[in-house]
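Q: Generate coordinates for the sequence data below:
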Amino acid sequence: MSPRQDILLVGEIYVDFTIPKLGTESKLRLGGVVHAARGLWAIDANFSVAAVCPSYLVDQARAYLESLGCNEFIWLAEVKGAPNVIAIGDPIELADQAYQDILRDEKSVEYLCKADALKTFKTCLIFPGKYDITALRCLLADDVQLSFDIAYDLPDLQLLSSFKGNITSIVTSTSSPMFLEKTSKNLSNLLAKLRDLSPQAILLKENRGGSRVFDLRNQKVDEIPALLGKTVNSVGVGDVYSAVFVSMLNTGTFDAGWKAARAATCYAQTTFPDDFKRDVKRSLALSIDQMRGLGGTVLPWHERPCFQIYFAAPDFSYVDRTYIEKSLRALDYHHFCVCRPVQENGELSRQSSEHKMRFAYMNDLELLKRCDLVFALPLERDPGTLVEIGLALALKKPVVTYDPLKENTNTMVMAGSTVYSDKLDTCLNGLFGIMSKLRAMRR
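A: As a prediction, this is how the structure comes out:
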């Protein structure tokens, strides 16, 4: 059997269902490994798919993938007991996206693939799932070149040990449970375990903070900035990144990372495939030098807590805390260090003495001076928050003002803030951008 040149994508096919919220429509589309297929379609790469999915999805998935130019659709394994439907609570990843795999506890997977069906593929990108990944090894060619996206559904790196010697690259993400478990202080522990599998390259995706590519052949690292804009839907963006990266590794490890990052950015900004492909073509028309020259946002995961954020808000127990908790969840999810003056220096009662108020004021002011920037949430035109914004501006500290109710459309607040918006997505981008600049100044 002569080896094939198309890349084989292996993974589960899901139905992605975005739960509708006030003012938005629900979104329903094929997901899982299909996201990666869209990425390869956008760059005109040759690919085939070995799919793990329920029987009811096979015909629809095959027809859709063939419309994207999929050379061969292989039904690798059948999912039983569950519909493979993912309910998505937060499609733009302000915080944890609240994925719910419907009936996941009832799910089982049965392999269907014939022993020689995958043997002719030379290059393969595997997305682990709820199927037995170790059973794949005997189905693949002895000299196959493998890449793994281990962001989700890989409980133990030991499951990849049987593939050692065939691994070209490993891709992971800062939102991965494994990443969060093994890298509480630094990357060294996880990188050491990944190096034991002898990959040529490691790609670490750090969401809005950019990504890093580790070329283990020459022991070099490249930082690839994020291009932050309006996020329409972040679901599947990482899959597109992985697929384009693996498909372009023959152009050079770092170049592949830069091109893949561009494609992933385009995927985050639209859910219309034709628009996505058009945008990818335009973006990849740039040379790597031009991409580097345009810059972007770089803020590695473990460096984020080095920048202290003063949380200016009516962070009191007796107020409506809907937007406060939403903001705090987002800041925590992205690994920011948040200083909350009300929590750190105490919440005063309405009957507090002038002495206690002065003491609290001085403590809050000292905390503000120690912080690098301010995230302001001036709900109900809270006078304390507005004063804190003014003090921060006087101290020449960057201010990001999140005004979800549009109550503070005032010249001093809007023009004085480095970023002002009623959208949390925009404010998060602003925080990343400011910290990226502060990081560059410190280096």
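
Q: This structure: helices as residue ranges?
A: Under the criterion DSSP state H, helices of the chain are mapped to 33-42, 55-67, 177-182, 188-195, 237-247, 253-268, 273-284, 288-294, 322-333, 341-345, 354-370, 383-394, 411-416, 424-442.

Q: show me what contacts the closest residue to Gly430 other than its chain neighbours?
A: Nearest residue to Gly430, sequence neighbours excluded (CB to CB, 6 or more residues apart in numbering): Val419, at 3.0 Å. Just so you know, the C-beta spots here come from the backbone N, C-alpha and C atoms, and that holds for glycine as well. By CB atoms under 8 Å, 6 or more residues apart in numbering, the contact set of Val419 is 399-401, 426-427, 429-431, 433-434.

Q: could I get the helices of the chain as TSV with mean neighbour count, mean pLDDT and distance to Glu12?
A: Converted to TSV, these look like this (neighbours: other CB atoms under 10 Å; pLDDT from 0 to 100; distance: least, CB to CB, whole Å):
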stretch	mean neighbour count	mean pLDDT	distance to Glu12
helix 33-42	26	98	6
helix 55-67	16	97	10
helix 177-182	15	87	17
helix 188-195	15	91	23
helix 237-247	28	97	11
helix 253-268	24	97	19
helix 273-284	16	97	20
helix 288-294	12	96	32
helix 322-333	17	96	25
helix 341-345	16	89	42
helix 354-370	13	91	47
helix 383-394	17	96	46
helix 411-416	13	96	46
helix 424-442	19	96	28
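
Q: What distance do you get for Ser162 to Arg137?
A: In this structure, Ser162 and Arg137 are 5 Å apart, going by CB to CB, to the nearest Å.

Q: can you tell me how far the nearest residue to Leu395 once chain neighbours are set aside sits from Ile389?
A: The shortest distance from Leu395 to any non-neighbouring residue, by CB to CB, 6+ apart, is to Lys369 (6.6 Å). Lys369 sits 15 Å away from Ile389, going by CB to CB.

Q: And the helices of the chain: which comes nearest Asp222?
A: Proximity to Asp222, assessed across those by CB to CB, is greatest for helix 253-268 (4.4 Å).

Q: name the helices or strands packed onto that closest one?
A: Using 3 or more CB pairs under 8 Å, 6 or more residues apart in numbering; DSSP states H and E, the elements in contact with helix 253-268 are helix 33-42, strand 201-205, strand 211-215, strand 220-224, helix 237-247, helix 273-284, helix 288-294.

Q: Which strand runs longest in the protein?
A: As assigned by DSSP state E, the longest strand anywhere in the chain is strand 4-18.

Q: can you redo the helices and strands packed on helix 253-268 as a markdown table with distance to Ser48?
A: Shown next, in a markdown table, are the helices and strands packed on helix 253-268 (distance: least, CB to CB, whole Å):
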| stretch | distance to Ser48 |
| --- | --- |
| helix 33-42 | 9 |
| strand 201-205 | 22 |
| strand 211-215 | 26 |
| strand 220-224 | 28 |
| helix 237-247 | 12 |
| helix 273-284 | 19 |
| helix 288-294 | 28 |
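
Q: Of those, give the one that comes closest to Ser147.
A: Here helix 237-247 is closest among those (CB to CB), at 4.4 Å.

Q: Could you check the angle the closest one makes with helix 253-268?
A: Inter-element angle recorded for helix 237-247 and helix 253-268: 150 degrees (by axes from the mean of the first three to the mean of the last three CA atoms, to 10 degrees).

Q: orientation of helix 237-247 relative to helix 273-284 in degrees?
A: 50 degrees.

Q: Quick check: Leu160 touching Leu197?
A: Yes. If you go by CB atoms under 8 Å, Leu160 and Leu197 touch, sitting 5.5 Å apart.

Q: about what we covered before: so which of the helices and strands packed on helix 253-268 is nearest Arg340?
A: Smallest distance to Arg340 across those (CB to CB): 29.2 Å, for strand 201-205.

Q: tell me the mean pLDDT for that closest one?
A: Strand 201-205 carries an average pLDDT of 97.

Q: That one vs strand 220-224, what angle?
A: Counting by the same axes, to 10 degrees, strand 201-205 points 30 degrees away from the direction of strand 220-224.

Q: name the helices or strands packed onto strand 201-205?
A: In terms of contacts (3+ CB pairs under 8 Å, 6+ apart), strand 201-205 is packed against strand 167-173, strand 211-215, helix 237-247, helix 253-268.

Q: Mind doing that once more with 6 Å?
A: In terms of contacts (3 or more CB pairs under 6 Å, 6 or more residues apart in numbering; DSSP states H and E), strand 201-205 is packed against strand 167-173, strand 211-215.

Q: Distance from the chain centre to the first one, please.
A: Centroid separation between strand 167-173 and its chain, computed with CA atoms, centre = their mean, to the nearest Å, is 15 Å.

Q: As CSV, could you dump the C-alpha coordinates of that strand?
A: Extracted in CSV, the C-alpha atoms of strand 167-173 (Å, rounded to 0.1, in the frame of the first residue of the first chain):
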residue,chain,number,x,y,z
ILE,A,167,4.8,11.7,17.7
THR,A,168,5.6,14.9,15.7
SER,A,169,3.7,17.4,17.8
ILE,A,170,1.6,17.8,20.9
VAL,A,171,-0.9,20.6,21.3
THR,A,172,-2.6,21.7,24.5
SER,A,173,-4.3,24.7,26.0
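
Q: ok, back up a step: now the helices of the chain in a markdown table, with distance to Leu8?
A: Output for these, formatted as a markdown table (distance: least, CB to CB, whole Å):
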| stretch | distance to Leu8 |
| --- | --- |
| helix 33-42 | 10 |
| helix 55-67 | 12 |
| helix 177-182 | 24 |
| helix 188-195 | 22 |
| helix 237-247 | 11 |
| helix 253-268 | 18 |
| helix 273-284 | 21 |
| helix 288-294 | 27 |
| helix 322-333 | 34 |
| helix 341-345 | 52 |
| helix 354-370 | 53 |
| helix 383-394 | 53 |
| helix 411-416 | 52 |
| helix 424-442 | 35 |
